[in-house]
Each structure stands twice: as C-alpha cells, then as structure tokens.
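1. Sequence first, then the predicted structure:
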Amino acid sequence: MIIKNGRIITMAGPEYENGFVAFEDGKITAVGPMEACPLGEAFDAGGGYVIPGLVDAHSHLGMWEDSLGAEGADGNEDSDPITPQLRAIDGINPMDRGFAEAAEAGVTTVVTGPGSANPIGGVFAAVQTKGRRIDDMALKEAAAMKFAFGENPKMVYGEKKQFPMTRMGSAAAIRESLLKAQKYSELEEPDFDFKSESLLPCLSGELPVKAHAHRADDIFTALRIAKEFGLKMTIEHCTEGHLIADLLSGQDIGVCVGPSLGDRSKPELKELTYETAKILDEAGLTVAIITDHPEIPEKHLPLCAALAVKAGMDKMSALRAVTLNPARLCGINDRVGSLEPGKDADIAVFDKFPLDFEAKTKAVYINGIRL
C-alpha cells in the first residue's frame, strides 16, 4: 500500500513537499519523494499533510469510560494508597467510544493508566486506538509506573482521615515503598511481596516513573526522590514548570504538559497557562503535550497542540510534542512517532497542517489498515 502525493512530515529529519509513504504487513517500507514512488495500490493524499499518527503520553482512555459514571470508573483503586501491582492492561475497555473518536482524529497511540488518587497508583500501558482486545492493541503492556504528589492524594485520603493526608505523607509513603523494594531485592529467598516485586523494574531503570506534579515544590519533591533512588522519571502535568524552567533546564527529565484546555479547578492549577509548553521547550527540555483524557477528550489532542502554538510555541516543536517526543519519553519510539522504514504503519493524513484549527483527517491508518 502507498500513500502518494502528500506533504510528508517524517518527524525524523527529511520532509518531502510532494512525496510518498509505502508500507506492507503493517510496517513502513519506504518514504521519499514522488520521483522514487513505487508502483502499487495507492491512496492519493491530494497535497494533504502526511504525518505519523499522533501519540498521547498521558491519558486515562478506557479507564474512565464515556457516559457510564461510576460503573465505568476503573482508574483509582483508592482503598490502599500504595498499589504498584495494579496494571492498566487489566482495566482498559477498548470498546469505549473514546478510542474510535481518538483514532478518527489521528491519535493512533495513547499511554493510558491509573489516576492520581494514590501516591503509587500502578502501571501505565501504551496501546493503539483500534481493536477489540487490549492484548492485541498493546505496544507495551508496562510503559511506566504512576506516582502522584500534591493535592490529589491529600484530598482522597484526607477525606478518609487516613495516611497520607499531607505532602510529607505522600512522599514518605513512596520512599518507604521504594526502600522496602530495595531491601527485598537484596534477600536471597524473600517471601513473595507483590508490591515490592512490582517496584523492582523502577529501581533497575527498566520501568520509568510518571510523576504527577503540578506545583513547583511537588515537582522538586518528585525529582528529589528520583535522584535518591536512581529512577528514570517524567514530570506529568508540570503546571508550574514555566516558573522554574531555568532550574529544570539541563536535567535529564522529560515533561508531559497539560491538560491546559480547562479551568483552574483547584489551587495547584492557579498558574495554568498555554505558554508552559513553549517555555519548557525553549529551555531545552523534551516536551510532550497531553490531554489527560477524560479531562480533555482524547480526540482534542491536536487542538491542545494548536493552542500551544497560538501561545507562541514553534509549530514544528508542538507537532513533535504530540508525535516523536511522547514516543521517546514512553520508550515506544522504535514503533511509533515518526515515519521511518521498519516502524508501525500508523499514519494520519490531514487536509491542512495538522495543528491548523480547521484541519481534518482525510485518512488514518493503524498497522497499515485504513480506518
């Protein structure tokens, strides 16, 4: 199959004003100018923009289901503040219509998982947005471990009058769990401990940590713990990141910014601005723009990036923030995020530049199959 006569933005360097993307058996086989286009069954992009399918680094798609209320809410196991043994793969409902809406909008991959009620919430999964069985849709069943700092654990467990009710408590709960896992790893024949066992990949650096942190002090607490235990970490939301961009610059972290399309619904969102992504990008950090679905419906990921451009972010940086950057931050850039031979044929064709407010998808392919 070939997509031809398109403006090809590979996100891997070369761009082609009039080019093609060829793919077979779900994988990209060639990308280049029309002069080199092979013969074969083709979709004519008609001058539209051809890009890698969009990637959301932080979503709860399928964990909080559309229209179902409590029955469809499976994102927070708030009966216990420490639940690293939970896996999103066991809670995602791919039949939720949010998946189809996301795919139609060009969002072909989401990294989705537990919410932020618990200081340690469980494991996120990276999944494609087309399918009926989540096992077949997963690019990575274990993409990251969720930690949460700040208001959310405080509110949830404060209402229960249960530890942790403060920022100190949340940090202590995370530290205690990591220390227990360290000790557990040093034993020759330990009694099985599911929680400690689940944290070992974080301590080894195999599994990155997604640290929910809006406020500047919470961001620094997360980074302090990452340094103490040698964790690979991304800062999720990073609402006050623009206030400390100079202090974050040069650190080996990624930032997943958003959701920005909403109101300042709680105190730690008082500094919310669309300029955060721009400022952090210009400070040299790897920035992903996120929806935090259902806070912002997954289908509006392109709009979130467009609003960052409206606030001054370079348009190609914003496009990178919903394609290659999130793929890199989530360890799935060997599969998605750019148009390169060998990668998954997850491709979106837009009639205008993808972050134009009026842009619409002309075609979307997942694993080389057109929706």
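-> Thanks, I have the structure now. Numbers count the residues shown, from 1 in each chain.

2. and the helix or strand in which Gln182 is found, C-alpha only, in CSV?
-> Element membership of Gln182 [criterion: DSSP states H and E] is helix 167-186. The C-alpha trace of helix 167-186 is given here as CSV (Å, rounded to 0.1, in the frame of the first residue of the first chain):
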residue,chain,number,x,y,z
ARG,A,167,2.5,16.2,51.0
MET,A,168,5.0,14.9,53.6
GLY,A,169,2.9,11.8,54.0
SER,A,170,2.7,11.1,50.2
ALA,A,171,6.5,11.4,49.8
ALA,A,172,7.1,9.2,52.9
ALA,A,173,4.8,6.5,51.5
ILE,A,174,6.6,6.5,48.2
ARG,A,175,10.0,6.4,49.9
GLU,A,176,9.0,3.6,52.3
SER,A,177,7.8,1.5,49.4
LEU,A,178,11.0,2.0,47.4
LEU,A,179,13.2,1.3,50.4
LYS,A,180,11.2,-1.9,51.1
ALA,A,181,11.7,-2.9,47.5
GLN,A,182,15.4,-2.3,47.7
LYS,A,183,15.7,-4.5,50.8
TYR,A,184,13.5,-7.1,49.2
SER,A,185,15.9,-7.2,46.2
GLU,A,186,18.8,-7.9,48.5
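
3. Could you list the buried residues of that helix?
-> Arg167, Gly169, Ser170, Ala171, Ala173, Ile174, Ser177, Leu178, Ala181, Tyr184 (16 or more other Cβ atoms under 10 Å). Bear in mind the C-beta positions are built from the backbone N, C-alpha and C, glycine included.

4. same deal with stretch 66-82?
-> For stretch 66-82, using 16+ other Cβ under 10 Å, the buried residues are Asp66, Gly72, Asp74, Gly75, Asn76, Glu77, Asp78, Pro81, Ile82.

5. Quick check on the second one: phi, psi?
-> By that I understand Gly72. phi -100, psi 10 (degrees, to the nearest 10).

6. I'd guessed it sits against Trp64; true?
-> Yes - contact criterion Cβ atoms under 8 Å: Gly72 and Trp64 qualify, at 6.3 Å.

7. From the buried residues of stretch 66-82, pick the one nearest Arg133.
-> Within these, the smallest distance to Arg133 is 16.9 Å, found for Asp74 (Cβ to Cβ).

8. Surely the closest one is in contact with Leu68?
-> No - between Asp74 and Leu68 there is no contact under Cβ under 8 Å: 9.8 Å.

9. SS state for Ala211?
-> Under DSSP: H, G, I helix; E, B strand; the rest coil, Ala211 falls in the strand class.

10. scratch that, Ala22 is what I was asking about
-> Here Ala22 is strand, with the state taken from three-state DSSP.

11. Contacts only, for the residue most central in space within the chain.
-> In the chain, the centroid-proximal residue (Cα atoms, centre = their mean) is Ala57; its distance is 0.7 Å. By Cβ atoms under 8 Å, 6 or more residues apart in numbering, Ala57 lies in contact with Val111, Thr234, Cys256, Ala288, Ile290, Asn325, Pro326, Leu329, Cys330.

12. go again using 6 Å as the cut-off
-> Residues in contact with Ala57 (Cβ atoms under 6 Å, 6 or more residues apart in numbering) are Val111, Cys256, Ala288, Ile290, Pro326, Leu329, Cys330.

13. measure the last one to Val255 for me?
-> So that's Cys330. Per Cβ to Cβ, to the nearest Å, Cys330 is found 13 Å from Val255.

14. May I ask you to confirm that Met233 is in contact with His212?
-> No - in terms of Cβ atoms under 6 Å, Met233 does not count as a neighbour of His212; the distance is 11.2 Å.

15. The two - which one has more neighbours?
-> Each of Met233 and His212 has its neighbours counted (other Cβ atoms under 10 Å); His212 has more, 27 against 24.

16. residues making contact with the helix holding Gln182?
-> 81-82, 119-120, 147, 149, 153, 163-164, 190, 193, 196, 199-200, 203, 221, 229.

17. Buried ones among the residues you listed?
-> By 16+ other Cβ under 10 Å, the contacts of helix 167-186 give 81-82, 119-120, 147, 149, 153, 164, 196, 199, 203, 221, 229 as buried.

18. now, which of the residues you listed lie within strands?
-> Counting by DSSP state E, these place Ile120, Phe147 in strands.

19. Tell me the one of the buried ones among the contacts of helix 167-186 nearest Gly106?
-> For those, the nearest to Gly106 is Phe147 (30.1 Å; Cβ to Cβ).

20. Thought Val209 was touching that closest one, still the case?
-> Yes - the criterion here is Cβ under 6 Å, and Phe147 meets it with Val209 at 5.4 Å.

21. what are the ranges of the strands in the stretch 251-371 of the chain?
-> 254-257, 286-289, 347-350, 361-366, 369-370 (DSSP state E, counting those that start in this stretch).

22. Of all these, which one is nearest Ala36?
-> strand 347-350 (17.8 Å).

23. counting contacts, what elements does that closest one pack onto?
-> strand 49-52, strand 361-366 (3 or more Cβ pairs under 6 Å, 6 or more residues apart in numbering; DSSP states H and E).

24. Most tightly packed of these?
-> strand 49-52 (a mean of 26; mean count of other Cβ atoms under 10 Å).

25. quick one, the next helix or strand after it and strand 361-366 angle?
-> Using DSSP H and E, the next helix or strand after strand 49-52 towards the C-terminus is strand 54-59. Taking axes from the mean of the first three to the mean of the last three Cα atoms, to 10 degrees, one finds strand 54-59 and strand 361-366 inclined to each other by 70 degrees.
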